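Visitor: here are the coordinates; sequence isn't available:
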C-alpha cells in the first residue's frame, strides 16, 4: 500500500487505480473530480497532525484510509468500486512480518529480496 501525508495526494494516486468511490459512512458516491474537491477541502479544514504516525494510505484497488497510530489501526474512508470494506485490512501491523510489500501491499514470498508485483527491494 502507498502512504501519503495529505488526502489530496492520496486521492490523486487512487484516481489512477479506480474511477468511483463510496464514502464509508454514507451512500455518497464520488468520481475522480468530486473526490479531488473533497480531499482539497478536507486538507484545508482538517489537516493531519504533523506526525510521522499519521498518514493516509491507498489500497492496491484504490480505496483510501487513514491511520493515526503508524498503521496500528486503519479507518477506511473511501471504498473503491470493486473492493469490499470486508476485505480491507483493519490494521497494518501484519506488514511488519515481512509478508507484504511495504510499497504496494502485495503479498511476498518469505525470504524474497524484491516484491514480485512492483519490484520494491524488501
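Guide: Everything's here; your move. Computed from a predicted structure; not experimentally measured.
Visitor: Contacts for the helix or strand of the chain with the lowest mean pLDDT, please.
Guide: Scoring the helices and strands of the chain by mean pLDDT, DSSP states H and E places strand 2-4 at the bottom, with a mean of 88. Applying Cβ atoms under 8 Å, 6 or more residues apart in numbering, the set of residues contacting strand 2-4 from outside is 10, 13, 55, 56, 57, 58, 103, 104, 105. In this view, the C-beta of every residue, glycine as well, is placed from N, C-alpha and C.
Visitor: And the residue nearest the centre of this protein?
Guide: residue 58 (1.9 Å; Cα atoms, centre = their mean).
Visitor: I'd say residue 90 and residue 74 touch.
Guide: Yes: using Cβ atoms under 8 Å as the test, residue 90 is close enough to residue 74 to be in contact (6.0 Å).
Visitor: Compare neighbour counts for these two and give me the winner.
Guide: A count of neighbours by other Cβ atoms under 10 Å puts residue 74 above the other of residue 90 and residue 74, at 22 against 12.
Visitor: What is the subsequent helix or strand relative to the lengthiest helix in the chain?
Guide: In the chain, assigned by DSSP state H, the helix with the most residues is helix 32-45. Later in the chain than helix 32-45, the nearest helix or strand by DSSP states H and E is strand 55-58.
Visitor: mind listing what's buried in that next one?
Guide: Within strand 55-58, the residues that qualify as buried are 55, 56, 57, 58, counting by 16 or more other Cβ atoms under 10 Å.
Visitor: now these in JSON lines, with distance to residue 49 and pLDDT?
Guide: Below are those laid out as JSON lines (distance: Cβ to Cβ, whole Å; pLDDT from 0 to 100):
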{"residue": "55", "distance to residue 49": "10", "pLDDT": "91"}
{"residue": "56", "distance to residue 49": "13", "pLDDT": "94"}
{"residue": "57", "distance to residue 49": "16", "pLDDT": "92"}
{"residue": "58", "distance to residue 49": "20", "pLDDT": "95"}
